[in-house]
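# structure of the sequence below:
(one chain, ligands or ions: 1)
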Amino acid sequence: MGSSTFRLGLFGGTFNPIHFGHLRAAEEIAELMELAEVLFIPAAQPPHKDPTPVVDFTHRFNMTQAAIKDRPGFSVSDMEAQREGPSYTVDSLRQLHQEYGDRLDPYFILGQEAFMEIPAWKEFKKLFDLTQIVVINRPQNASEKAGRLLKKMISSKYSWDADLKAYTCPGKKNVFYRDVTRLEISSTNIRARLLQGESIRFLVPDPVREYIEKNGLYQKPAVIGKGQTS
Ligand code: ATP
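All right, here's what the predicted structure looks like:
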């Protein structure tokens with residue numbers, strides 16, 4: 001009998017809005033890491049983002065839901081909206097460990113730029129005890145910067161394991177590097193397009209585009225500024 005651990009992918013983000021870059025990365029990481037499920041965790045109050053252009057949690061949750069509804073094994077969590085104050089990954093991880101118990105084997109998925117910002121996260125050292133990490137990047141690009149960060153900030157015992165394509169360290173979880181099909185799509189670019197009245201078709205799933213249109217999200221502010229034509 002195989003091990004009874006539950007390999008759960010965790011994909012945190014602002015998802016403002018969710019797009020095919022996120023979705024394709026989740027799909028490929030799920031396949032590469034043999035994840036049983038992937039849980040998308042929209043941040044209710046992202047601590048590291050300028051809050052002004054971030055639409056309500058409910059909208060971001062609904063859009064994420066709409067994006068993944070036909071993909072079995074993908075689901076979305078509102079756990080960060082259930083807690084007061086800024087959304088911290090370390091709190092979500094603790095909560096998930098409590099809910100699932102010992103069999104939980106979480107894989108926190110994030111981009112390389114996001115990974116390099118980890119030292120700004122609450123109790124960031126604890127993350128390396130609570131979850132495996134999967135950085136979306138080419139393994140051959142993994143070495144220098146990330147390796148230096150891990151050795152300096154977490155443990156000097158981290159080293160690169162070429163077979164696992166991961167940084168490993170005794171007593172710590174692994175930091176995997178996995179390459180996925182790169183889709184140069186960002187939520188920032190989608191919001192800018194919407195503000196300009198440009199199409200976002202084929203950048204996001206149709207149900208997400210329809211939700212955005214129906215709810216008038218990311219549109220021009222109602223007040224027309226000086227010299228502007230509507
Ligand atoms: P914004 O443009 O508003 O900063 P974003 O498109 O980067 O948003 P986030 O919700 O901030 O989206 O990202 C959530 C996670 O998804 C992060 O770990 C980020 O690195 C990763 N990510 C974002 N865009 C892509 C993409 N095109 N391909 C793969 N991963 C991505």
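
# please report phi then psi for Val90.
Backbone torsions for Val90, taken as degrees, to the nearest 10, come to phi -60, psi -40.

# please name the residues that touch it.
Taking CB atoms under 8 Å, 6 or more residues apart in numbering as the contact definition, Val90 lies against 121-124, 126-127, 130. Every C-beta, even on glycine, is put in place using the N, C-alpha and C of the backbone.

# can we see that at 7 Å?
122-123, 126-127, 130 (CB atoms under 7 Å, 6 or more residues apart in numbering).

# which of these count as buried?
Among the contacts of Val90, those scoring as buried are 127, 130 (criterion: 16 or more other CB atoms under 10 Å).

# what parts of the chain come near the ligand?
Neighbours of the ligand within the chain, by CB under 6 Å from any ligand atom: 13-16, 21-22, 25, 110-111, 113-114, 136, 183, 185-188.

# check Ser87 and give its pLDDT.
In this model, Ser87 is scored at 87, pLDDT.

# these two touch, right, it and Pro42?
No: assessed by CB atoms under 7 Å, Ser87 is found out of contact with Pro42, at 8.5 Å.

# the two: which is more packed in?
Pro42 (28 against 21; other CB atoms under 10 Å).

# the more buried one bridge partners, please.
Gly13 (DSSP bridges).

# so who does it touch?
Applying CB under 7 Å, 6+ apart to Pro42 gives the contacts 13-15, 57, 60-61, 64, 76, 80.

# need the overlap of contacts for Ser87 and Pro42.
The overlap between the contact sets of Ser87 and Pro42 (CB under 7 Å, 6+ apart) consists of Glu80.

# buried ones in the host helix or strand of Ala67?
Here Ala67 sits within helix 57-68, counting by DSSP states H and E. Buried residues in helix 57-68, counted by 16+ other CB under 10 Å: 57, 59-68.

# can you add pLDDT and distance to Arg201 and give the residues you listed back as a markdown table?
Output for the buried residues of helix 57-68, formatted as a markdown table (pLDDT from 0 to 100; distance: CB to CB, whole Å):
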| residue | pLDDT | distance to Arg201 |
| --- | --- | --- |
| Phe57 | 96 | 25 |
| His59 | 98 | 19 |
| Arg60 | 98 | 20 |
| Phe61 | 98 | 23 |
| Asn62 | 98 | 19 |
| Met63 | 98 | 15 |
| Thr64 | 98 | 19 |
| Gln65 | 98 | 20 |
| Ala66 | 98 | 15 |
| Ala67 | 98 | 14 |
| Ile68 | 98 | 19 |
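
# of all those, which two lie farthest apart?
Within the buried residues of helix 57-68, Phe57 and Ile68 form the most distant pair, 16.5 Å apart (CB to CB).

# pLDDT weak spots in the protein?
Residue ranges of the chain with pLDDT under 70: 1-3, 49-52, 139-143, 221-230.

# before we move on, back to that, between the contacts of Pro42, which is closest to the ligand?
Gly13 (2.6 Å; CB to the nearest ligand atom).

# that closest one: how many residues sit nearby?
The number of residues packed around Gly13, counting by other CB under 10 Å, is 19.

# mind listing what it touches?
Residues near Gly13 by CB under 7 Å, 6+ apart: 22, 42-43.

# go on, Glu123?
Counting by CB under 7 Å, 6+ apart, Glu123 touches Val90.

# all helices of this structure, in order?
20-32, 57-68, 79-82, 89-100, 112-116, 124-130, 143-153, 187-195, 206-215 (DSSP state H).

# all set now, cheers.
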